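*Asks:* what shape does this take:
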Amino acid sequence: MKIQFTVYGTPVGKGAGRAIINRYSHKCAIMTPDKTRQFMTYVKLIASQNRPKQILDCPLQIDATFYFTRPKSKKNEIKFPYPTVKYDIDNLCKLLLDCMTGIIYHDDKLVVNANLKKRYGDPPRIEVTITDELRKDA
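*Replies:* Numbers count the residues shown, from 1 in each chain. Take a look at the predicted model:
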């Protein structure tokens, strides 16, 4: 079993939620940044278009490559071969895994192996491959 899809657009990492306290009810709410919330909605849409017939409930491997547009200040491919700026690869992965929870697989705890890369490339995108870890070894 192998699921592959591409999410076009500049990858966004999982932004830290901000605690907001309502001054009238004194209740606390966590607000996700707009940019993060919008990109998560888009990734969920693409994931739902590529969902398997049955939601996965087995150990999985995720291979994800995050492509960013090369800025003009880093046109020298030899001196700047890889994107080393915003976002951290763990935040990129966190957003991707959270978006696929409940759509591709039951929970992101099922991911037992992840191969993550940040690269320059046009157009900016995320290329995702999900494989069943059990069948791969057999």
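*Asks:* quick one, helices of this protein?
*Replies:* Taking DSSP state H to define them, one finds helices in the chain at 34-49, 89-100, 133-137.
*Asks:* what residues sit buried inside the second one?
*Replies:* Neighbour counts over helix 89-100 (16 or more other Cβ atoms under 10 Å) mark 89, 91-93, 95-97, 99-100 as buried. Placement of C-beta: from N, CA and C, glycine included.
*Asks:* same check, this time on the longest one
*Replies:* Neighbour-count burial for helix 34-49, with 16+ other Cβ under 10 Å as criterion, is recorded at 36, 39-40, 43-44, 46-47.
*Asks:* low-confidence ranges, the protein, go.
*Replies:* Screening the chain residue by residue with the criterion pLDDT under 70, one finds the ranges 134-138.
*Asks:* what residue in it is the furthest from its centre?
*Replies:* The outermost residue of the chain, judged by C-alpha distance from the chain's mean C-alpha position using Cα atoms, centre = their mean, is residue 24 at 36.4 Å.
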